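[1] output the structure for:
(one chain, ligands or ions: 1)
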Amino acid sequence: MRKQEVLAEGFQAELSEKFFRYVAIDTRADGAAPAEKEPSNPAERAFNSMLGVELTRAGAKDEQFIFLSDGSLIVRFDATAGLENKRRPCFAAHVDTYPKYPGGAVTIVHDYQGGDIELPKSGTVIPAFDLRNFIGQKIVTASGDTTLGADDKAGVAVMMQLAVDCLAGKIATHGAFDLWFCVDEEIGRVGRSGVKYLSPEIVASWTGGLVNLDGMSPNGIDVGCFCGYELIVEFFGNDAHPGVEGSKLKAAHYAAARLVCDAASAEFRLPWMSEAMQNYLYSTDITGNASQSRVTFIPRSFEKEDFALIVDRVKELAGNIAKIFGVRAAFSGYGLQYVNTEPPIRQNQWLMDALLAAHRDVGYDTKENHIRGGTDGAMVNMTYPDLPSPNIGAGMYNVHGPREFLVISEMEDCYRIVRRFLELLA
Ligand SMILES: [Zn+2]
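    Numbering: from 1, shown residues only. Now for the predicted structure:
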């Protein structure tokens, strides 16, 4: 598959060493932490301090570091002589890991020759189907009772290798670039809290875009994603004895149940009837009793404008249902949570041209993906809608669970792609 060797080799052992060391450190995000606790897990800040020490030992100067208040770290690299006019990209990877499982992986390297991989803990099995494309490859897993944390320590390791190689003078000429080791991505706080500490001047300096290293296969680049929205409908009723005072009973939970039923009508597209670029309306939960009930909706669409119609219609239905049951309806929720990354990417075709060429030069026939979820860039685009923010693959699969694995050669290729992309940026 790899036709061209476009870069000096010799980085592989160092890159893997970094990866194994980083995933052994537990930096899982804490979704239950209050919003004002930044980062949600203090281990994330400690991890970034450790990266700072590592880079200082490798020769980085104090003035290259910007430690943001949320615990994230930006490291800035100037251009080498003569390349000051090149575009300046920022590469981003998150140091937190998925919150629902422990991190701190005890890693196992498999010379994969086919079949299921049975991990020693918790009866965890990675089915052969998930591994079918990787026969003959070196696969890294955790032991079955934690995440591996390749999401996104693979991206972190690639960025650290790039930094160390620059500091050691192994990359003789390069344009300016930044590295952003962000925190609490897994609990959606990059857009809510992390971005507020970024200075607009720094973001404006990212003329080469914000390139996330948080995708799966180098065969795909995530260019577009859903816009995400949250609407909470609450009904307030009146509890009473159903036999003796039935006429006083205003059943808020009946209103909630009716609303979810109406939201399942043919008027709306449901997740299990929606694919490709289609939108959907989904109720993630319904709780309550006669006096109070609550329904959470998460409409999803590639078009930001779609939410106005969907949300207005849900509110109209809720208002009508409230009248039927004699209850009061109230609306809240986060509103727009993240936006489709595609519009600013389409405004900056040079970025996709350079990224696709870099993938091609490393031996991939890479396609553009539209993913039916949100990305890191989609959270940043809430505040900075003009910043192109594609997401490239770093070799991680089955993320967000104990069956997560890394394909070492693909992480190495991610490093080669980033190096080649820097060369190609005009
Ligand atoms: Zn991730």
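[2] farthest from the middle of this protein: give me that residue.
    Val244 (54.0 Å; CA atoms, centre = their mean).
[3] now for the residue lying closest to Thr173 once chain neighbours are set aside: which residues touch it?
    Leaving out its chain neighbours, the residue that sits closest to Thr173 by CB to CB, 6 or more residues apart in numbering is Thr80, at 4.7 Å. From N, CA and C alone the C-beta is placed, and that goes for glycine too. By CB atoms under 8 Å, 6 or more residues apart in numbering, the contact list for Thr80 reads 172-174.
[4] if we check the ion, which of those residues are in contact?
    Here nothing survives when the contacts of Thr80 are matched to the ion using CB under 5 Å from the ion.
[5] give the buried residues for the helix or strand harbouring Phe331.
    In this structure, Phe331 sits in strand 328-338 according to DSSP states H and E. Of all the residues in strand 328-338, those buried under the rule 16 or more other CB atoms under 10 Å are 329, 337-338.
[6] quick check: next helix or strand after it?
    In N-to-C order, the element after strand 328-338 by DSSP H and E is helix 342-346.
[7] dump the residue contacts of Asn348.
    Counting by CB under 8 Å, 6+ apart, Asn348 has contacts 209, 388.
[8] report pLDDT for it.
    pLDDT recorded at Asn348 is 97.
[9] tell me which residues form a beta bridge with Asp178?
    Arg76, Cys90 (DSSP bridges).
[10] residues in contact with it?
    74-77, 88-91, 202, 205-206 are the contacts of Asp178 under CB under 8 Å, 6+ apart.
[11] distance of Gly144 from the ion?
    Separation of Gly144 from the ion (CB to the ion, to the nearest Å): 21 Å.
[12] quick check: that residue touching Ser122?
    Yes: assessed by CB atoms under 8 Å, Gly144 is found in contact with Ser122 at 4.6 Å.
[13] secondary structure class for Glu368?
    strand (DSSP: H, G, I helix; E, B strand; the rest coil).
[14] which ones are touching the residue nearest to it when sequence neighbours are not counted?
    Distances taken as CB to CB, 6+ apart put Val223 closest to Glu368, at 4.6 Å, once the chain neighbours are dropped. Residues counted as contacts of Val223 (CB under 8 Å, 6+ apart) are 341-342, 345, 352, 368-370, 390.
[15] what would those look like in CSV with distance to Val314 and pLDDT?
    Converted to CSV, the contacts of Val223 look like this (distance: CB to CB, whole Å; pLDDT from 0 to 100):
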residue, distance to Val314, pLDDT
Thr341, 26, 96
Glu342, 25, 97
Ile345, 30, 97
Met352, 36, 97
Glu368, 32, 96
Asn369, 29, 94
His370, 25, 94
Pro390, 32, 97
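[16] pull the most distant pair out of these.
    Met352 and His370 (13.3 Å; CB to CB).
[17] just to revisit the earlier point, tell me the spacing between the residue nearest to Glu368 and the ion.
    For Val223, the distance to the ion - CB to the ion - is 17 Å.
[18] shouldn't that residue be within a helix?
    No: counting by three-state DSSP, Val223 is not part of a helix but strand.
[19] does Phe20 really touch Val106, like I thought?
    No: using CB under 8 Å, Phe20 makes no contact with Val106, being 10.3 Å away.
[20] quick check: residues of the stretch 51-200 of the chain near the ion?
    Within the stretch 51-200 of the chain, the positions near the ion by CB under 5 Å from the ion are 151-152.
[21] in the stretch 51-200 of the chain, which ranges drop under the pLDDT threshold?
    192-194 (pLDDT under 70).
[22] find the nearest non-adjacent residue to the residue of the stretch 301-426 of the chain found nearest the ion, please.
    Minimum separation of the stretch 301-426 of the chain from the ion (CB to the ion) falls at Val399, amounting to 6.6 Å. Closest residue to Val399 apart from its sequence neighbours, by CB to CB, 6+ apart: Asp151 at 3.9 Å.
[23] hang on, the one you found is in a helix, isn't it?
    Yes: counting by three-state DSSP, Asp151 is part of a helix.
[24] and it, how far is that from Ala163?
    20 Å (CB to CB, to the nearest Å).
[25] how big is the angle separating the helix ranked longest in the chain from strand 328-338?
    Across the chain, the longest stretch assigned as helix under DSSP state H is helix 306-325. Relative orientation of helix 306-325 and strand 328-338, computed by axes from the mean of the first three to the mean of the last three CA atoms, to 10 degrees: 160 degrees.
[26] is it true that Asn41 touches Thr97?
    No: the criterion here is CB under 8 Å, and Asn41 misses it with Thr97 at 9.4 Å.
[27] ok, those two, which is more surrounded?
    Taking other CB atoms under 10 Å, Asn41 and Thr97 do not tie; Thr97 has more neighbours (32 against 24).
[28] that older thread, just the buried residues of strand 328-338 now: which is nearest Met382?
    Closest to Met382, out of all of the buried residues of strand 328-338 and judged by CB to CB, is Tyr338, at 6.0 Å.
[29] show me what contacts the closest one?
    Counted by CB under 8 Å, 6+ apart, Tyr338 has contacts 188, 191, 225-228, 374-375, 378-379, 381-382.
[30] for the ion, give me its nearest residue in the stretch 201-350 of the chain.
    Asp214 (4.2 Å).
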